[in-house]
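# need the 3D shape of this:
(6 chains, ligands or ions: 9)
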Amino acid sequence: MASKKESTFINMVLTLFIVTAVAATTLGYIYELTKGPIEAAKRKKTLKAIANVTPAFDNIPSDEIYMLAIENDDSLVCYPSRKDGKLVGTAISTYTDAGFTERFYIMVGFAPDGTIINTAILSHKETPGLGDKMEKKKGNWSNQVNGKNPAKYKLKVKKDGGDVDGITAATFTSRGFVDAIDLAYKAYMKGGKHE
Amino acid sequence: MEYFLIIIAAIFVNNIVLAKFLGVCPFLGVSSKISTAVGMTGAVAFVMVLATIVTYLLQKYVLETLGITYMQTITFILVIASLVQLVEIMLKKVSPSLYQALGIFLPLITTNCAVLGVAIMAAMNKDFGLMESTVFAFANAVGFGIAIILFSGMREHLDLVKVPEGMKGVPISLVVAGLLALAFMGFAGIA
Amino acid sequence: MSDIVLYTILTVTAVGVTAATILYFAAQKFKVYEDPRIDQVEEALPAANCGGCGYPGCRNFAEVCVNTDDLDSLFCPVGGNETMASVASILGKAVTEQAPKVAVIRCNGQPQFRARTTEYNGAINCTIEHMNGAGDTACQYGCLGGGECVDACNFDAIHMNAETLLPEVIDDLCTACGACVEACPRDIIELRTKAKKDRKIFVSCVSQDKGITTKKACDVGCISCSKCFKVCPYDAITMGNNIAFIDADKCRLCRKCVVVCPTSSILEIGFPPRRVKEEKVVAKEKPDNVDNKEKNA
Amino acid sequence: MSKLKIFTKGFLKENPVFVLLLGMCPVLGVTTSAENGLGMGLATTFVLLMSNIVVSLIKSFIPDKVRIPSYIVIIASFVTIVELTMQAFLPELFDSLGIFIPLIVVNCVILGRAEAFASKNSVLDSILDGLGMGLGFALALTILGALREILGSGAIFGINVYSGDGALVFVLAPGAFIVLGYLIALSNKLNKKLYNK
Amino acid sequence: MSKLLTVALSPHEKNKDSVSRLMYDVVIALIPAFGVSLFFYGIGALIITLTAVLSAVIFEYLITRYMLKKPATIMDGSAALTGLLIAFNVPSNLNPGFVILGSFVAIAIAKMSFGGLGNNIFNPALVARVFLLISFPVQMTSWPVPIESRMKYLDAITGPTALGQLKEGIMGGNTVSGVMEKLPSQMEMFLGQMSGSMGEVSGAALLIGLLYMLIRRVITWHIPITTLATVFVIQGILWLVSPERFADPVFHLITGGLMLGAIFMATDYVTSPMNKMGMIYFAIGIGVITVVIRNFGAYPEGISFAILIMNSVVPIFNRYIKPKRFGELIKDGK
Amino acid sequence: MLKTFPKGGVHPPENKISADKAIVELPLPKKVFIPISQHIGAPAKIIVKRGDIVKVGQIIASAGGYVSANIHSSVSGKVAKLDKIFDTSGYRKDVVVIDVNGDEWLESIDKTTTLIKDISVDSEEILKKITECGIVGLGGATFPTHVKLKVPPKKIATTLIINGVECEPYLTSDHRLMMEKSEELMVGTQILMKALAVDIAYIGIENNKLDAIQKLSELATQYKGIEVVPLKVKYPQGGEKQLIKAIINREVPSGGLPIDVGAVVHNVGTTVAVYEAVQKNKPLFERIVTVTGKSVKEPQNLLVRIGIPVIQLIEAAGGLPEDTGKVISGGPMMGKALNSLDVPMAKGTSGILIMPEDESKRKDDKPCIRCTKCVSVCPMGLEPFLLMTLGENQLWERNEDERIMDCIECGSCVFVCPSDRALLDYIRLGKNKVGQLIRERKVN
Ligand SMILES: Cc1cc2nc3c(=O)[nH]c(=O)nc-3n(C[C@H](O)[C@H](O)[C@H](O)COP(=O)(O)O)c2cc1C
Ligand SMILES: Cc1cc2nc3c(=O)[nH]c(=O)nc-3n(C[C@H](O)[C@H](O)[C@H](O)COP(=O)(O)O)c2cc1C
Ligand SMILES: Cc1cc2nc3c(=O)[nH]c(=O)nc-3n(C[C@H](O)[C@H](O)[C@H](O)COP(=O)(O)O)c2cc1C
Ligand SMILES: Cc1cc2nc3c(=O)[nH]c(=O)nc-3n(C[C@H](O)[C@H](O)[C@H](O)CO)c2cc1C
Ligand code: SF4
Ligand code: SF4
Ligand code: SF4
Ligand code: SF4
Ligand code: FES
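Ligands and ions are numbered 1, 2, ... in the order given. Here you go, the predicted structure:
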């Protein structure tokens, strides 16, 4: 091709420089553009989860987050929901390693007395068709803990002598699920209430 | 023990090809003979480990420091592409015999998801330091190797038997890969 | 311009330029020379990898073409003169044209001409049957019908005719690569120079038995009577080993020999029908079982 | 080749998945449902189309030796754009496609055959080719996703088609390979019928 | 002489073995185990056996005739055997729909797609079992309780297998001895009085089958014995190291599908190595993987997976492990 | 424990129906057709012409090369013509046709049956006589005996093994020979020992010929260095590599010859022929042939002149049975199916086996079920199923790597294959092609 540039060193570096520079500039600007929406999307997800697990509130819980220390030097993020300045519930983002695959995260909401209000799965890699039955859209298995207070309700799978019905053929997932709630519950009761 | 778990998980439980679906093109493409599968494994292992080290450092010391992790994709692929080419050029000169063995596979590796995928997975894993990432990359290469070598053995077998016309070639190979993945599910939960 | 954008540009261009620089110098330093013409020649070849040229594959042949001075001894039968010409032009060398050839099957021992004398019960494969003995007819030179030549052809140019039980060559597809010639254990297949309109006249028999033995085994076998040899005005026919042979390069397709052959073993193919049709043997009654009993008597 | 042919050849005759066997990782990895398959397919189509356009516009300014790196940068940029946009506006899809989004780079380097096509042809041809190939890819992913979803969870695009759970294997790794295997056998047969009489 | 002489290369003599004879011998060897299952599981066992055998044979017939357009091959008995082994490998209260699906997977995917008998790489019956196990974990892991459910089929009372109880117990933090208390005695389990897949429960009956096949020279000892020995030795070592965490080797030999797998499924000609040395490595591999899955994996039982995994190694074994050639070692002819 | 070879082997039904039929001499025919290529190696060159008068034992064709052998007339009479007729190979080959007239032997031949025990000639003379008399191996391969006796330089023969195994089912000619010519066999063995300068000779006999074992064992005590070794009944015990392994526990290396392990193997028939050549000046023009088969009326062990058409042997055994399907020259495992009954008897014809029609046809072959039976019976440690599959796929180089050239074509693999595969057909094809490859490589 006549217009084709020669492959000299200067040409090569120059071309690559120009291409990368143009690409980078464009991307930079697009990043700036999408930065807001991305943050917003993330926040929306969190807020939605909080709204699902606590009663109606009028504050912005994600602006009032605080950390709760747990045993292994880690800590859980808590979002207090308030209505008219009064604490109506606390959403805690908790996790477990007892599931079938990798660590999974759930959001659990506690009433100030420690009663479980509701749960929401934040992210998981459990097997579709088995472990994912804990998701709300795949069934209402997880609702069985709603309204229970772990003080009187044994947070353990029935197989292990507790009160929770396991998902059939997915005992690991079930164990993980209650383990995550238990983790949050214990931390919450150990002075995690921010009235 | 930590490393041991990483290795077992990467090779058997979450095999990169059979469970994670990365590197499927070379898995299907360069597996018609056992010898080529072995060559490909060598080349992948080499590039995967090297690329993971370089991209890991880039991620931790440049992208994260500057807060531009969104540029991960573009920088990683550039690094991998250049690395592959560099290795190819040097190998050709420094060790023609090794080049003979691995060289033909090298260009295929730029377009191998497994390398980019492993680099990204290593860089994104908060628990991984440089050493863990390196081990992780190597273990995944071994996992890739085991899968592709077993697969190539079975394909050599298939070349000799009378597979029905419609299933010949790719279709039956995919069924074999599926059944291999089915068998590997037995390792679930080990690590 | 925000910091992020600036960092982005700096990082990526830095990575890009560094990579380019390293690669450039590496490429300079570690240069390995390989004759680029090999690739070009290889591209010009048909990539059939059939071995018809006498080398293991097209690339191998390309290397040889590049490395020898004289292309005359090299020929790719698949690509033919055209390909050789383009190879020559790439290399700036000369080639001489070679006449195109085509494979012919020199046996016409259809079942109605050739009675079965035994029942072959082994694997269907010409070479295996050949190892076993004469085959299941009394002709020990004729086609065995196992179709090894069919399998050998890379170009789908040979097929088994279900009626004659003999292979047939499709002239247009045949590239004269010679794979079938190599494959046939009976050496029945010959590569002949192509004549115009794909016409050909040849002795469709390779039996080296004496006339009388041949005659007993097969109705259309050459009995070496020399009539064709005598009638040929162009000296295209030679006799030897109890068989007549027509040299395609000398034959001018006059068809005189075809008429005189008492056993119809000379075939003419691709000609328009003759005006006066001479009724020849073509299909005779199945002969009595040929047994060499009387040899005992 | 007529413009129509350039556009349609990616659908069946040169379908990147069923015939050319390119970009197999996302094909197998994200097709647990028809929705994921479609999303991935469209994302890939976008990148393919855009990079084909850009590449064919600037091809004559690029020296041979840096052609591939330049193309890679261009493709990677579009992938990043998709990545950022999807994260902002389709966060759920972004989560379920996961690592396969950055991997679109790799697929497009092969798929786009940016080299093979865009650098030799006119801009319009490149657009048609990119669009055709991309849609062919999307088509294949959607079909595979739909089949796996039906067989594996008894639904299509999330809508139940039969009661009960379906055979779980089909949403897992083995099912992906097996279903694709038989789909390819089928498409081979179809292709043979259509193009070789 | 009126007839033509027949000619062919030597040899001209052939013994009486045939494919169908071998297959029916295996069927005969399976009869004791079938009898035991019938005794413990009653009509359920009968129903799924019939369903599996019939559907396997019918699928093979349909595929050979109408898809491959070749003469039907069902008379060689291999499809019937595959069907029988599928039945042996599932709980006897399984819904017939699943059994038929299993037969389809075995015959259509694992066998005929490869070209039929002799060409497949993976054991068809095991592919079917694992396919069903992964697809329908609930149904495939509800085992009928022996004797009590004799006259029941789909409505049988179910319970876990011994291995299942062991795994659950250990996962739940119990010790082996704690779990063992709840299980039947080892003698009862050896005779077959435990929950499990239909044909796997009676080690005793399966051993009779092994003896029969060895006497009839259908198979050699290499695969079954080596597999069992490997499991025994490795499990023995684990047990010696930590008897509270790992069950004793005899328990592992007589429970689960180990015997069925080692004797009838690992020995499948088509999917096992082609020489003695290869068979031994193959069997060791099966043993090791089985022990690993049973003790460390998510599944309580691992023999099916172990056999399938080793099936995939067989082509490589066949390629690189060769029988000892005559005249190989002696180089300089001393 | 009886000695045998360690790996592989099969037990075909023995069917030795003619085992106790004494040897009978077949009457002279009107005409003989003497093939000039009755041995491995170059055909002999005809030195008579039409019309020549010949006597029994007169040389009519002389060795045509180093590996070749002389051919002698088996009758007296006039050379009628030089012709080509079908022989055991299934092809038309050159024969000398002789019209029989009386039975006039060359004067130099000692026609008496008196045993001459003393070996008066030296080893060179022995070799010369064997060469002149056209002795070839009668065990089946018809390899010229004098060639085998010339030990190549740098090799030393230490052991002579006489092959009286007769492991082929049906055949009994060697058995009868051992019973009826025991003394001659012993002397022949001594002659061979002298020619090779070895001190030890073993006579290997399968344990199903107890009478022969007993008789020869008794006789052996009178001869120095000869020992009779009873062997387990297992086919192919008579294959020379298996025999050597069984008796002296040495393995002939792959691609090697018995002499590489210091052994020389000769068949009992060959040994007796050597005796007759050396002590009686009698060339090889007749041999013992078993004519047998399940429906043959009178199975026989015949002493037959070379060149008589097979049909006449069959007639002497009660005629061709109605249900004949296949006529085999040799045994059922290694013999050659004849395509005509006019094929003349040759030096290598150890038996004529007539198979009924229902046993003659092979069953349709089915796909290999990989049962490994063929692998476990192969005495050479090969993988017949693989050799065949590779052959079907035309992968000759891999066939060579898998040592296809080691196959001794014993047919054990085919015998056991439950799928009725044509294993040996394809192995022979492979050997043919690999042989071609090897030759091409040598040329280059
Ligand atoms: C591919 C595969 C995926 C699995 N996924 C899960 C899962 O997501 N959650 C889970 O608890 N168990 C999972 N399992 C484990 C088994 O289903 C396990 O037997 C079960 O969790 C324990 O048995 P049970 O629940 O019936 O008591 C999986 C196993 C396999 C092989
Ligand atoms: C080319 C060739 C050379 C041979 N040279 C010798 C030899 O030097 N010494 C020997 O004892 N046998 C020699 N033999 C004979 C073989 O060892 C063997 O006895 C013969 O082929 C017949 O064996 P069989 O009847 O077991 O097939 C030779 C054979 C061939 C084909
Ligand atoms: C499979 C097989 C079986 C054989 N069986 C016999 C046998 O039973 N008796 C015998 O004398 N030779 C047998 N031979 C031939 C011997 O290997 C060997 O060639 C012969 O004993 C050499 O002696 P010769 O040269 O005197 O024939 C057999 C060969 C093969 C390959
Ligand atoms: C000893 C023996 C064991 C067999 N085991 C199995 C088996 O486990 N599963 C199966 O599907 N078929 C089995 N078969 C039957 C047959 O080999 C099987 O259908 C082939 O794998 C199909 O190609 C067996 C056959 C024999 C002779
Ligand atoms: S017919 Fe023969 S010469 Fe012609 S192309 Fe085919 S193999 Fe080659
Ligand atoms: S021409 Fe030769 S190769 Fe072809 S079928 Fe006849 S015998 Fe066989
Ligand atoms: S491969 Fe050869 S040596 Fe082995 S059993 Fe078969 S015929 Fe005999
Ligand atoms: S004996 Fe026959 S079926 Fe068995 S492995 Fe050998 S060839 Fe195959
Ligand atoms: S898409 Fe080809 S390797 Fe992943």
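# where does F:Asp94 land in three-state SS?
strand (DSSP: H, G, I helix; E, B strand; the rest coil).
# ok, it - contacts?
Counting by CB atoms under 8 Å, 6 or more residues apart in numbering or on different chains, F:Asp94 makes contact with F:Pro35, F:Ile36, F:Ser37, F:Pro43, F:Ile46, F:Leu82, F:Asp83, F:Lys84. Heads up, the C-betas are built off the backbone N, CA and C, glycines and all.
# who wins on neighbours among the residues you listed?
F:Pro35 (27 neighbours; other CB atoms under 10 Å in any protein chain shown).
# list the contacts of that one.
Residues in contact with F:Pro35 (CB under 8 Å, 6+ apart) are F:Ile71, F:Asp87, F:Lys93, F:Asp94, F:Val95, F:Gly307, F:Pro344, F:Ala346.
# wondering if stretch E:130-140 reaches ligand 1 at all.
Yes. On the criterion CB under 6 Å from any ligand atom, stretch E:130-140 is in touch with ligand 1 at E:Ile134, E:Pro137.
# how many neighbours does E:Asn89 have?
For E:Asn89, using other CB under 10 Å, the count is 27.
# surely it is in contact with E:Phe264?
No. Between E:Asn89 and E:Phe264 no contact is recorded; they are 9.7 Å apart, counting by CB atoms under 8 Å.
# what residues are up against residue 35?
The chain I'm using is chain A. By CB under 8 Å, 6+ apart, no residues touch A:Lys35.
# ah, I was thinking of chain D
Listed by CB under 8 Å, 6+ apart, the contact partners of D:Glu35 are D:Leu93, D:Gly145, D:Phe157, D:Gly158.
# hmm, 10 Å instead?
D:Glu35 makes contacts with D:Glu92, D:Leu93, D:Ser96, D:Thr142, D:Gly145, D:Ala146, D:Glu149, D:Ile156, D:Phe157, D:Gly158, as judged by CB atoms under 10 Å, 6 or more residues apart in numbering or on different chains.
# would you mind measuring from the last one to ligand 8?
Pointing back at D:Gly158 there. 51 Å (CB to the nearest ligand atom, to the nearest Å).
# before we move on, the earlier item: the contacts of D:Glu35 in helices, which ones?
Among the contacts of D:Glu35, the ones falling in helices (DSSP state H) are D:Glu92, D:Leu93, D:Ser96, D:Thr142, D:Gly145, D:Ala146, D:Glu149.
# tell me the one of those nearest ligand 7?
Among the ones in helices among the contacts of D:Glu35, D:Gly145 lies closest to ligand 7 (CB to the nearest ligand atom), at 51.5 Å.
# pretty sure E:Ile263 is touching E:Leu228, no?
Yes. Assessed by CB atoms under 10 Å, E:Ile263 is found in contact with E:Leu228 at 8.6 Å.
# which residues do those two both contact?
Counting by CB under 10 Å, 6+ apart, the common neighbours of E:Ile263 and E:Leu228 are E:Gly203, E:Leu207, E:Leu210.
# closest one of these to C:Pro100?
Top of the list for closeness to C:Pro100, among the shared contacts of E:Ile263 and E:Leu228 and by CB to CB, is E:Leu210 at 67.8 Å.
# quick check: chain neighbours aside, which residue is closest to that closest one?
Nearest-residue entry for E:Leu210: E:Ile263, 4.6 Å, with adjacent residues in sequence omitted and distances by CB to CB, 6 or more residues apart in numbering or on different chains.
# what's the answer for E:Tyr41, then?
Once flanking residues are discounted, E:Tyr41 sits nearest to E:Ser92: 4.2 Å by CB to CB, 6+ apart.
# how close does that neighbour sit to A:Ala23?
E:Ser92 is 65 Å from A:Ala23, where distance means CB to CB, to the nearest Å.
# for the strand or helix carrying E:Ala45, buried residues please.
Using DSSP states H and E, E:Ala45 falls within helix E:43-62. By neighbour count on 16 or more other CB atoms under 10 Å in any protein chain shown, the buried set for helix E:43-62 is E:44-49, E:51-53, E:55-61.
# and these near chain A, which?
Among the buried residues of helix E:43-62, proximity to chain A is found for none (CB under 10 Å from any CB of the partner chain).
# so which of these is the closest to C:Asn81?
Using CB to CB, the buried residues of helix E:43-62 come closest to C:Asn81 at E:Glu60, 54.7 Å.
# that closest one touches E:Ala110, doesn't it?
No. In this structure E:Glu60 lies outside contact range of E:Ala110 using CB under 10 Å: 11.7 Å.
# now the common contact residues for these two.
E:Thr82.
# near chain E at all, stretch D:12-25?
No. Stretch D:12-25 is not in contact with chain E by CB under 10 Å from any CB; minimum separation 17.4 Å.
# which residue of E:Ile263 and E:Leu228 possesses the greater neighbour count?
Remark: of E:Ile263 and E:Leu228, E:Ile263 carries more neighbours, 27 against 24, as counted by other CB under 10 Å.
# for the more buried one, list the residues it contacts.
E:26, E:29-30, E:33, E:203, E:206-207, E:209-211, E:213-214, E:219, E:223-225, E:227-228.
# repeat the analysis, applying 7 Å as the threshold.
The contact partners of E:Ile263, taken as CB atoms under 7 Å, 6 or more residues apart in numbering or on different chains, are E:Leu206, E:Gly209, E:Leu210, E:Pro224.
# now do C:Tyr234
C:Lys250, C:Cys251, C:Arg252.
# and it, what pLDDT?
C:Tyr234 is assigned a pLDDT of 91 by the prediction.
# and it, its phi and psi?
phi -110, psi 10 (degrees, to the nearest 10).
# same check, this time on the one 5 residues further on
Backbone torsions for C:Met239, taken as degrees, to the nearest 10, come to phi -110, psi 150.
# I'd say it and C:Phe229 touch.
Yes. Contact criterion CB atoms under 7 Å: C:Met239 and C:Phe229 qualify, at 5.1 Å.
# immediately after the strand or helix carrying A:Ala41, which helix or strand?
A:Ala41 belongs to helix A:9-53 when elements are defined using DSSP H and E. Downstream of helix A:9-53, the first helix or strand assigned by DSSP H and E is strand A:66-69.
# that following strand packs against which elements?
Strand A:66-69 makes packing contacts with strand A:75-83 when contacts are defined by 3 or more CB pairs under 7 Å, 6 or more residues apart in numbering or on different chains; DSSP states H and E.
# alpha carbons only: can I get the helix or strand that the strand it packs on is followed by in CSV?
Using DSSP H and E, the helix or strand that follows strand A:75-83 in sequence is strand A:86-96. Below are the C-alpha coordinates for strand A:86-96, written out as CSV (Å, rounded to 0.1, in the frame of the first residue of the first chain):
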residue,chain,number,x,y,z
LYS,A,86,-34.7,6.8,66.4
LEU,A,87,-32.9,3.5,65.6
VAL,A,88,-35.3,1.2,63.9
GLY,A,89,-32.8,-1.4,62.8
THR,A,90,-29.2,-2.1,61.9
ALA,A,91,-28.1,-3.6,58.6
ILE,A,92,-24.8,-5.5,58.9
SER,A,93,-22.8,-6.7,56.0
THR,A,94,-21.5,-10.0,57.1
TYR,A,95,-19.8,-13.0,55.5
THR,A,96,-18.9,-16.6,55.9
